[in-house]
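[1] After the sequence you'll find the predicted model.
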Amino acid sequence: MALSVDARTPGFSVWQDPQWFFHCGDGAACAGHVGATELAAFPDAAEVLRSEALAWGWAADEVESHLGALDKDGQPTAYLFRCRTCSAHLAYADFT
């Protein structure tokens with residue numbers, strides 16, 4: 001019997017509806033909360049967040065302000081994922 005993706009990688013609690021990333025045909029591993037400081041080490045994940053916010057219709061300066069306000073231990077925060085196949089990093093933001 002195959003285990004669900006959330007049984008194969010650590011879970012996480014969120015403010016809003018959870019989102020789980022899939023990459024390379026498999027569920028990505030959740031690597032936990034990240035803020036702006038931690039996100040600097042994962043430019044591929046920052047680009048995912050940037051693209052998401054631009055798709056919401058935010059102006060570029062609003063997007064950068066949002067990314068700069070991310071807080072590992074508060075709001076808004078981001079959740080970092082790593083592809084278990086190619087090691088790409090992905091992220092999404094959660095805020096109220």
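    Structure received. Numbers count the residues shown, from 1 in each chain.
[2] now the helices for this structure?
    Secondary structure of the chain, counting by DSSP state H: helices at 5-8, 36-39, 43-55, 60-69.
[3] Okay, angle between the longest one and helix 60-69 too, please.
    Read that as helix 43-55. On the basis of axes from the mean of the first three to the mean of the last three Cα atoms, to 10 degrees, helix 43-55 is oriented at 130 degrees to helix 60-69.
[4] Which strands or helices does helix 43-55 pack on?
    helix 36-39, helix 60-69, strand 77-82, strand 89-94 (3 or more Cβ pairs under 8 Å, 6 or more residues apart in numbering; DSSP states H and E). Every C-beta, even on glycine, is put in place using the N, C-alpha and C of the backbone.
[5] sorry, back to before: how about CSV for the helices of the chain, with mean pLDDT and distance to Ser87 added?
    Below are the helices of the chain laid out as CSV (pLDDT from 0 to 100; distance: least, Cβ to Cβ, whole Å):
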stretch, mean pLDDT, distance to Ser87
helix 5-8, 54, 16
helix 36-39, 97, 16
helix 43-55, 95, 9
helix 60-69, 96, 22
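[6] Using CSV, lay out those together with distance to His23 and mean neighbour count.
    Below are these laid out as CSV (distance: least, Cβ to Cβ, whole Å; neighbours: other Cβ atoms under 10 Å):
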stretch, distance to His23, mean neighbour count
helix 5-8, 11, 13
helix 36-39, 18, 16
helix 43-55, 10, 16
helix 60-69, 21, 14
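[7] What is the burial count for Tyr79?
    Tyr79 has 22 neighbouring residues, counting by other Cβ atoms under 10 Å.
[8] hey, what's it bridged with?
    Beta-bridge partners of Tyr79, counted by DSSP bridges, are His33, Tyr92.
[9] Surely it is in contact with Val34?
    Yes - between Tyr79 and Val34 a contact is recorded at 7.4 Å, counting by Cβ atoms under 8 Å.
[10] quick one: Ser87 from Ala29, how far?
    Ser87 is 10 Å from Ala29, where distance means Cβ to Cβ, to the nearest Å.
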